[in-house]
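Novice: Okay, here's the prediction I keep looking at, along with the sequence it came from:
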Amino acid sequence: MSATVKLGEHFKKLLDFTGREDRASFWPYAAVAFGITIAAGMIILAPMMVHTMQAMQEFAVQHPDQATVISGPGQYSISVQGNHPEFMPAGSIALFLAVTFGMAILLFAAAVVRRLRDRGKSGFWGLMPIPFIIYSSVEMPRMFATVATGVSPDMPLFLSIFFSNLLYLATLIGLIALLAGSSEPAQNR
């Protein structure tokens, strides 16, 4: 039998992987959890972007021959010549990815398992996208660090990240299709 879980109850059941959950209670929670994850990502990303803009502005003032600043009504841009990895350190990107995806996994894991059980599926189906996003999240900062040093991009690494992202999207779409299906009337095995 499907169980209806109220929106507020989801946050109390973040680590409760038992039971079932119907579509009607899963999808509103999924939307709220997605919104929280996006908001948290923006809160983490905003100071990084402000730091980068300040560093670029300081660079433009100190090196006017290497930077072009265009400012006008409704627009502001800075173009910097050369390679300057200090503008976006790879560690910041890794922190952003780790916190954002960690929060998403925490918010979604138990609810996805309960929803998959309601479909008559194993909760392990919810793990499909995880290896691909972990691989891309680990390798992407390495790729940015390589490009920031001025070395030509590592094309095999780039292609592996590209295909990992494609596989991530394919498995995520497959998981969403599984989550969207109707409940199985039988009891859990």
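Specialist: It's in.

Novice: if you skip the residues just before and after it, what's nearest to S137?
Specialist: L97 (4.3 Å; CB to CB, 6 or more residues apart in numbering). (Each C-beta comes from the backbone N, C-alpha and C, glycine too.)

Novice: for the one you found, what are its contacts?
Specialist: Contacts of L97 were listed using CB atoms under 8 Å, 6 or more residues apart in numbering, and they are S137, M140, P141.

Novice: do the same with T171
Specialist: Counted by CB under 8 Å, 6+ apart, T171 has contacts M128, P129, F132.

Novice: Let's verify it: helix, strand, or coil?
Specialist: Secondary structure of T171, reduced to three states by DSSP: H, G, I helix; E, B strand; the rest coil: helix.

Novice: and what of I70?
Specialist: Under three-state DSSP, I70 comes out as strand.

Novice: How much space separates it from M140?
Specialist: 29 Å (CB to CB, to the nearest Å).

Novice: G19 now?
Specialist: Counting by CB to CB - G19 and M140 are separated by 36 Å.

Novice: higher neighbour count, these two?
Specialist: M140 (19 against 16; other CB atoms under 10 Å).

Novice: In space, what's closest to the more buried one - neighbours in sequence excluded?
Specialist: I161 (6.1 Å).

Novice: Check for me that that neighbour belongs to a helix.
Specialist: Yes - the assignment for I161 by three-state DSSP puts it in a helix.

Novice: Can you give me every residue that contacts it?
Specialist: Y135, S136, E139, M140, M143.
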